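> Generate coordinates for the sequence data below:
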Amino acid sequence: MPKWHQPHAAAGNTGWSIGSGNLTAAGRSELLKDLGRQMQYNYRSLLQEPAPDRIKQLLESLERASARERHEDP
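Coordinates of the predicted model:
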């Protein structure tokens, strides 16, 4: 069971854990890959839905602002 993050806790273990502390770096990497695969599987129908118009507008606005910044940089 994960431990919940406590941002204002005193010194010590202030983060949460998925129980991966005893895993090697390769083991942690594999655990995170598996978690990603499970999330993709569980949310696949949501990922296939079109983005709401307001989200599309915000993304387009960010892309335009980013393009302007690239053209303004020397």
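
> Which helix or which strand is home to the most centrally placed residue in the chain?
With distances taken as CA atoms, centre = their mean, residue 36 lies nearest the centre of the chain, 9.8 Å away. Assigned by DSSP states H and E, residue 36 belongs to helix 25-42.

> Could you do residue 70 as well?
Here residue 70, judged by DSSP H and E, is contained in helix 53-72.

> Distance of residue 50 relative to residue 23?
The spacing between residue 50 and residue 23, counted by CB to CB, to the nearest Å, is 38 Å. In short, each C-beta sits where N, CA and C put it, glycine included.

> between these two, who's got more neighbours?
residue 23 (13 against 7; other CB atoms under 10 Å).

> how would you label that one: helix, strand or coil?
Of the three states, residue 23 takes coil according to DSSP: H, G, I helix; E, B strand; the rest coil.

> next one: phi and psi at it?
Backbone torsions of residue 23, given as degrees, to the nearest 10, read phi -90, psi 150.

> what's the pLDDT at residue 26?
Residue 26 is assigned a predicted lDDT (pLDDT) of 89.

> okay, now it: neighbour count?
Number of residues near residue 26 (other CB under 10 Å) recorded here: 8.

> For residue 62, see how far away it is.
In this view, residue 26 and residue 62 are 36 Å apart by CB to CB.

> ok, back up a step: and the contacts of the helix or strand that comes right after the helix holding residue 36?
Next helix or strand after helix 25-42 toward the C-terminus (DSSP H and E): helix 44-48. The contact list for helix 44-48 (CB atoms under 8 Å, 6 or more residues apart in numbering) reads residue 40.

> Show me which residues of helix 44-48 are buried.
Residues of helix 44-48 classed as buried: none (neighbour count, 16 or more other CB atoms under 10 Å).

> Find out how far that helix is from the centre of the chain, if you would.
In terms of CA atoms, centre = their mean, to the nearest Å, the centre of helix 44-48 is found 16 Å from the chain centre.

> for stretch 63-71, same thing?
For stretch 63-71, the separation from the chain centroid amounts to 24 Å (computed by CA atoms, centre = their mean).
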